[in-house]
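Asker: How does the following fold in three dimensions:
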Amino acid sequence: MIIEWLAFRLIIGAVSAGQVGGVGAAPPGQPVQHADAAPVAVGVASPGYLWPENFQVENDQARVFWRSGTAEAPWPGARITHAFVRGLGTQENMDSVQSPGGRSAGFTLEGSGAFVIGVTLGKGEAVVRPADVARVGEDGARGINADERARVVQCAKAVLRRDDATNPGRRSPVVTSKCGQPAELRPLMDPTVGPIPRDIPVRVFAGGSARAGASVSFRVMNAAGEVTHEGVAPTSAEGVMTLTIDRPGVWVLASEWVVPGDGEGGAVWYQSTLSFEVAP
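Answerer: I've put the predicted structure just below:
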């Protein structure tokens with residue numbers, strides 16, 4: 001698995017812009033060490049993502065888990081610096097989201113239609129190595145020529161639906177809106193609605209800017225969390241990659257970007273993920 005993963009990351013820079021088609025191996029699910037842990041970790045683990053208990057919600061309560069790689073991880077709790085629930089015309093912001101049991105957290109949904117749940121983790125540190133940033137993309141690795149201590153900012157979003165029985169499956173501007181996270185994967189079309197196959201453009205933001213030359217990896221999983229398909233593609237000059245939705249399942253997109261230190265501040269490692277479900 002480790003050899004497959006290294007080979008997967010080495011081909012990222014050679015993938016041409018445009019439609020997603022490459023297939024690679026899943027990243028290891030290693031936990032990220034944080035500033036309150038000693039010592040500071042060397043390297044950065046695969047970005048964490050949100051895994052709702054149900055992407056199709058029947059009531060106003062949603063239970064959400066945190067995952068890394070393909071495995072469940074402890075709910076990040078105290079590491080969350082901002083969280084939100086966005087619906088049509090509504091948004092609830094939270095400074096933190098605690099989990100009494102440590103495994104998941106509950107969120108309240110107001111109304112119906114599509115919702116975006118997002119969290120930002122901004123209390124991590126790692127030593128960034130040139131070899132680690134090979135998976136970021138042809139531009140996101142520039143400036144990292146030696147080991148450098150970096151602040152890790154992880155941002156994750158999940159799309160949930162609570163459809164009204166009278167208007168099921170409608171496209172929603174909530175899904176395509178920019179949520180303002182430090183790092184963000186923003187679909188420019190609602191990926192949860194439409195025929196199969198369909199192409200969905202996705203713009204990559206990191207540090208407040210759209211990023212050209214970033215690599216966006218994706219995997220498709222079944223209800224048991226088993227990977228059924230995966231691949232990678234770079235973003236265009238406008239910071240957009242094209243994702244071909246060609247099968248049902250839970251889709252998880254991930255992108256990373258490193259901003260090197262400039263003498264006044266250290267490096268910042270941005271990680272962003274987006275998870276959503278495509279119904280059969």
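Asker: what are the ranges of the helices in the stretch 101-250 of the chain?
Answerer: For the stretch 101-250 of the chain, the helices defined by DSSP state H, counting those that start in this stretch cover 173-176.
Asker: Retrieve the pLDDT associated with D36.
Answerer: D36 is assigned 32 on the pLDDT scale.
Asker: Look up how far K178 lies from V116.
Answerer: With distances taken as CB to CB, to the nearest Å, V116 is found 11 Å from K178. The way it works is simple: take the backbone N, C-alpha and C, and place the C-beta from them, glycine included.
Asker: Looking at the two now, which is surrounded by more residues?
Answerer: V116 (21 against 9; other CB atoms under 10 Å).
Asker: wait, what's in contact with the more buried one?
Answerer: 84-86, 157-160, 174-175, 177, 179 (CB atoms under 8 Å, 6 or more residues apart in numbering).
Asker: N59: which of those residues is nearest?
Answerer: Using CB to CB, L160 comes nearest to N59 of the contacts of V116, at 11.7 Å.
Asker: Any idea what the closest one is bridged to?
Answerer: F115 (DSSP bridges).
Asker: what's it in contact with, if anything?
Answerer: By CB under 8 Å, 6+ apart, the contact set of L160 is 52, 54-57, 62, 109, 114-117.
Asker: List the buried residues of stretch 69-79.
Answerer: By neighbour count with 16 or more other CB atoms under 10 Å, stretch 69-79 contains the buried residues 69-70, 73, 75-76, 79.
Asker: Sorry, wrong one. I was asking about stretch 215-230.
Answerer: 215-221, 230.
Asker: Same check on stretch 255-273?
Answerer: Residues of stretch 255-273 classed as buried by neighbour count (16+ other CB under 10 Å): 255-261, 267-273.
Asker: returning to that earlier point: need the contacts of L160 in CSV (columns: pLDDT).
Answerer: As requested, the contacts of L160 are exported to CSV (pLDDT from 0 to 100):
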residue, pLDDT
P52, 96
N54, 94
F55, 95
Q56, 93
V57, 93
A62, 95
L109, 94
A114, 93
F115, 96
V116, 98
I117, 98
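Asker: Is it possible to mark the buried ones in these?
Answerer: 52, 55, 57, 62, 109, 114-117.
Asker: that older thread, which of the contacts of V116 lies closest to R103?
Answerer: A158 (16.0 Å).
Asker: I figured that closest one hits V252, correct?
Answerer: No. In this structure, A158 is not within contact of V252 by CB atoms under 8 Å, at 9.3 Å.
Asker: Next, show the common contact partners of those two.
Answerer: 49, 274-275.
Asker: May I ask which of these has the most neighbours?
Answerer: Most neighbours among the shared contacts of A158 and V252, by other CB under 10 Å: L274, with 28 neighbours.
Asker: Which residue, other than its chain neighbours, is closest to that residue?
Answerer: In space, and not counting its chain neighbours, L274 is closest to L185: 4.1 Å by CB to CB, 6 or more residues apart in numbering.
Asker: just C179 next, same as before
Answerer: In this structure, C179 finds its nearest non-sequential neighbour in G118, 5.5 Å apart by CB to CB, 6+ apart.
Asker: Hmm, that neighbour is touching P182, no?
Answerer: No. Proximity of G118 to P182 does not meet the contact threshold set by CB under 8 Å, at 11.0 Å.
Asker: More neighbours: those two, which one.
Answerer: For G118 versus P182, neighbours defined as other CB under 10 Å are more numerous around G118 (22 against 19).
Asker: For V250, see how far away the more buried one is.
Answerer: To V250, G118 is 17 Å away according to CB to CB.
Asker: Strands along the stretch 1-150 of the chain, start to end?
Answerer: For the stretch 1-150 of the chain, applying DSSP state E, counting those that start in this stretch gives strands covering 41-42, 48-52, 61-68, 71-73, 80-87, 90-94, 104-108, 113-128, 148-162.
Asker: Report pLDDT for the residue lying closest to G208 once chain neighbours are set aside.
Answerer: Nearest non-adjacent residue to G208, counting by CB to CB, 6+ apart: P182, 7.2 Å away. For P182, the model assigns a pLDDT of 96.
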